[in-house]
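>>> Turn this into a structure:
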Amino acid sequence: MFDTHAHIHDTAYDDDRETMLKRAWEAGISRIVTVGCDIPDSKRALDAVRDHRAYALDASVGIHPHAAKGAPTDIASAFNELIASATRPPVAVGETGLDYYHENSPRDAQRRVFTEQLRYARERALPLIFHTRDAYEDFIEILRAEFKPPMRGVVHCFTGDTRQAQTYVEEFGLRLGIGGVLTFKNAQALREAVLAVGLEHIVLETDCPYLAPVPHRGQRNEPAYAAATAEKLAELFGVTKDKIIAKTTTTASALFQP
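Modelled structure (predicted):
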């Protein structure tokens, strides 16, 4: 399994990070992208890749919409400085996008920071990891202006409806990151959206340490728990878990290709 969105550099794992990673590999995880959410956090993600070379870890650099109000004036230079000192370059830009639910940053700051990261990724042919919540119309408007072929990306922690899923997939060729929410009792609309777009557009993620799937809901999430989401997808599509793992891993590997 390929966990396309994790935060294994988070302080939640400071006491047992190595043990947690061993559990992940024993559970069948073969690769993890640990995702940056601001400049210091992106550095921690890159450092985690450096410090745990026994595992197939990659990192992204990004500025989450929550952190947009504190973003540097020159985002490209800040990213370039991080990358220059990294032992392994990032495989994506993000997570980036818009969040009008919490609105921890002003909307105009979110839109500026999102647009600049789209342009940075486009210039460097890097995929994007998107975060969007309660901001669908503005998110789509910016994508239509800035997201051009052959750009690629994933809507992380997708929890939207069928119409939104189809727009992301059919108009922009995006992948949908599916994690623990799929297993929740009240996620029927999400399950319907996943079925509507098809398995070929889905990748696995955990968003750990957040959003642990059933039967681990309420606990600290970790990459090993991606197996529970794979099992739910297998049940949903009426196929074997092995087929889910094989297809989502192939799709994720193409998305995050070097």
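>>> Who are the packing partners of the lengthiest helix in the chain?
Criterion DSSP state H: the longest helix present in the chain is helix 107-124. Counting contacts by 3 or more CB pairs under 8 Å, 6 or more residues apart in numbering; DSSP states H and E, helix 107-124 is packed against helix 75-84, strand 92-99, strand 128-133, helix 136-146. From N, CA and C alone the C-beta is placed, and that goes for glycine too.
>>> let's go with 10 Å and repeat that
Judged by 3 or more CB pairs under 10 Å, 6 or more residues apart in numbering; DSSP states H and E, the packing partners of helix 107-124 are strand 57-61, helix 75-84, strand 92-99, strand 128-133, helix 136-146.
>>> count of neighbours near the closest residue to V113 other than its chain neighbours?
Computed as CB to CB, 6 or more residues apart in numbering, the closest residue to V113 that is not its neighbour in sequence is A68, at 4.1 Å. A68 has 26 neighbours, counted by other CB atoms under 10 Å.
>>> three-state assignment of A68?
Following DSSP: H, G, I helix; E, B strand; the rest coil, A68 is assigned to helix.
>>> Tell me who's in contact with T132.
65, 95-101, 114, 138-140, 142-143, 155-160, 164, 168 (CB atoms under 10 Å, 6 or more residues apart in numbering).
>>> That one bridge partners, please.
Beta-bridge pairing for T132 (DSSP bridges): L98.
>>> picking that back up, using CSV, lay out the helices and strands packed on helix 107-124 together with mean pLDDT and distance to S42.
Output for these, formatted as CSV (pLDDT from 0 to 100; distance: least, CB to CB, whole Å):
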stretch, mean pLDDT, distance to S42
strand 57-61, 98, 4
helix 75-84, 98, 6
strand 92-99, 98, 10
strand 128-133, 98, 12
helix 136-146, 98, 21
